[in-house]
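S.K.: Next one to model:
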Amino acid sequence: MEPAGAQSFFERLFGVPPQPQPQVPAPQYRPAPRRAPAQPQPQPQRPSAPKEKEQKAEPAPPVEPPPAPYEKELLRLAEIMGSLALLRPLCAAPDGPEWQARMQALLDAEGTTPGRRERLAGAYNKGYQAYALTYRICTASAQEASNRYLREGETLARTISSRYGG
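M.R.: Next comes the predicted model:
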C-alpha cells in the first residue's frame, strides 16, 4: 500500500494527469560532411559565346490581384473550419468527416491564386493546430468550443454570401 500523496491544485481541478508514455525521438537531419578539394581543378577554356539560358530573361511572376473585400472574414471562416475539423470528429459528431471536404470546396472556389490558396490553407491549419495542442479527448469545453464555432461559422458564411454574393 502506497502512502497518500498531497494533491496539487491542478490535480484537484482536472484529475490525475495520465502517465507520460516514452517518446521515440524524431530522427534529426545531419548534413553530410563537406569534402574540400585537394587542388583546384583547372577549367577548360570555352569560347565566350553567350549561353542560351543567359539570353532568355525569366518571366516575371504574375502579379497577385488585390485581396477581396471579404478576405478577412474568409480567412476567419477557414480557421474556424480547421478547428471544427479537429473538434467535431473528436467528439464523435455525425458531421465530423465533412469538414475537410468543405475546406477543399472552399479552396476550389476561392483559391484563385497560389498566394490566396496558401493563406486559406494556413488559416485552416492554424485553427486545426490550435486545438490539436489542447484536446486529445472530447471534453465539455471541447463540445462548447465546437458549438460556438458552428454558430460563428454559420454567421460568417451567411454574412459573406449576403454582402458579397455567392
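S.K.: residues touching the nearest residue to Ala142 once chain neighbours are set aside, list them.
M.R.: Distances taken as C-beta to C-beta, 6 or more residues apart in numbering put Tyr135 closest to Ala142, at 4.9 Å, once the chain neighbours are dropped. Every residue, glycine included, has its C-beta placed from N, CA and C. Tyr135 makes contact with Leu86, Leu87, Leu90, Ala142 under the criterion C-beta atoms under 8 Å, 6 or more residues apart in numbering.
S.K.: Over to Glu79?
M.R.: By C-beta under 8 Å, 6+ apart, Glu79 lies in contact with Ala123, Tyr124, Lys126, Gly127.
S.K.: State the helix or strand in which it lies.
M.R.: In the assignment (DSSP states H and E), Glu79 maps to helix 71-90.
S.K.: Over that helix, what's the mean pLDDT, rounded is fine.
M.R.: For helix 71-90, mean pLDDT rounds to 94.
S.K.: can you pull the buried residues of the helix or strand just after that helix?
M.R.: Using DSSP H and E, the helix or strand that follows helix 71-90 in sequence is helix 98-110. Using 16 or more other C-beta atoms under 10 Å as the test for burial, helix 98-110 gives Trp99, Gln100, Met103, Leu106, Glu110.
S.K.: Nearest residue to the second one in space, ignoring adjacent ones along the chain?
M.R.: Counting by C-beta to C-beta, 6+ apart, Ala85 is the residue found nearest to Gln100 once chain neighbours are left out, at 5.6 Å.
S.K.: on that earlier part again, looking at the contacts of Tyr135, spot the one nearest Ile160.
M.R.: Here the nearest of these to Ile160, counting by C-beta to C-beta, is Leu87; it sits at 21.7 Å.
S.K.: what angle separates the lengthiest helix in the chain from helix 98-110?
M.R.: Longest among the helix segments of the chain by residue count, using DSSP state H, is helix 140-164. Counting by axes from the mean of the first three to the mean of the last three C-alpha atoms, to 10 degrees, helix 140-164 lies at 20 degrees to helix 98-110.
S.K.: Show me what helix 140-164 is packed against.
M.R.: helix 71-90 (3 or more C-beta pairs under 8 Å, 6 or more residues apart in numbering; DSSP states H and E).
S.K.: thinking again about what came up before, quick one: the contacts of Tyr135 as JSON lines, columns for neighbour count and distance to Pro65 too.
M.R.: Formatted as JSON lines, these follow (neighbours: other C-beta atoms under 10 Å; distance: C-beta to C-beta, whole Å):
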{"residue": "Leu86", "neighbour count": "21", "distance to Pro65": "32"}
{"residue": "Leu87", "neighbour count": "27", "distance to Pro65": "34"}
{"residue": "Leu90", "neighbour count": "19", "distance to Pro65": "37"}
{"residue": "Ala142", "neighbour count": "19", "distance to Pro65": "39"}
